[in-house]
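Peer 1: structure here, sequence nowhere to be found:
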């Protein structure tokens with residue numbers, strides 16, 4: 001049986017919804033990352049959740065998992081061509097979040113973590 005959506009945004013949220021997927025995708029817009037790099041960039045995510053989210057994003061075709069045949073094994077993740085089509089959405093979500101933080105807290109400085117993703121706000 002085919003799935004039915006009430007509104008197309010449901011399909012979008014099915015792929016990028018939840019607490020961590022957009023964060024992972026935003027980090028991958030800055031280039032390939034190993035699991036350990038993503039974990040370091042996202043200290044509040046558990047290893048189990050990170051692995052699960054990466055698997056789901058890969059299953060949905062928005063990221064590629066690249067396995068290097070070496071010892072020890074090396075795995076990197078990158079946005080797929082299809083994943084890059086989300087860049088406009090991700091940029092819009094970040095911009096709206098910045099405006100929201102300023103509206104609620106007056107400034108982003110005390111609220112946003114030090115991160116490569118927040119360098120433009122300095």
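Peer 2: Received it, and whenever you're ready, just let me know what you need. Bear in mind the structure is a predicted one, so any value in this text is a computation, not a measurement.
Peer 1: for the closest residue to residue 34 other than its chain neighbours, which residues are in contact?
Peer 2: Once flanking residues are discounted, residue 34 sits nearest to residue 76: 5.5 Å by Cβ to Cβ, 6 or more residues apart in numbering. The way it works is simple: take the backbone N, C-alpha and C, and place the C-beta from them, glycine included. For residue 76, the contact set (Cβ atoms under 8 Å, 6 or more residues apart in numbering) comprises 32-34, 65-66, 68.
Peer 1: which members of these are the farthest-apart pair?
Peer 2: 33 and 68 (13.8 Å; Cβ to Cβ).
Peer 1: just the strands in this protein please.
Peer 2: Ranges of strands in the chain, per DSSP state E, are 33-34, 63-68, 74-79.
Peer 1: so what strands line up beside the shortest one?
Peer 2: According to DSSP bridges, strand 33-34 has the following sheet partners: strand 74-79 (antiparallel).
Peer 1: on that earlier part again, show me which of residue 33 and residue 68 is the more surrounded one.
Peer 2: Comparing residue 33 with residue 68 by other Cβ atoms under 10 Å, the one with more neighbours is residue 33, at 19 against 9.
Peer 1: so the more buried one sits against residue 27, correct?
Peer 2: Yes. Look at residue 33 against residue 27 with Cβ atoms under 8 Å: they come within range, at 6.0 Å.
Peer 1: okay, and the common contacts of the two?
Peer 2: With contacts defined as Cβ under 8 Å, 6+ apart, the residues shared by residue 33 and residue 27 are residue 41.
Peer 1: low-confidence ranges in this protein?
Peer 2: Low-confidence segments of the chain (pLDDT under 70): 115-122.
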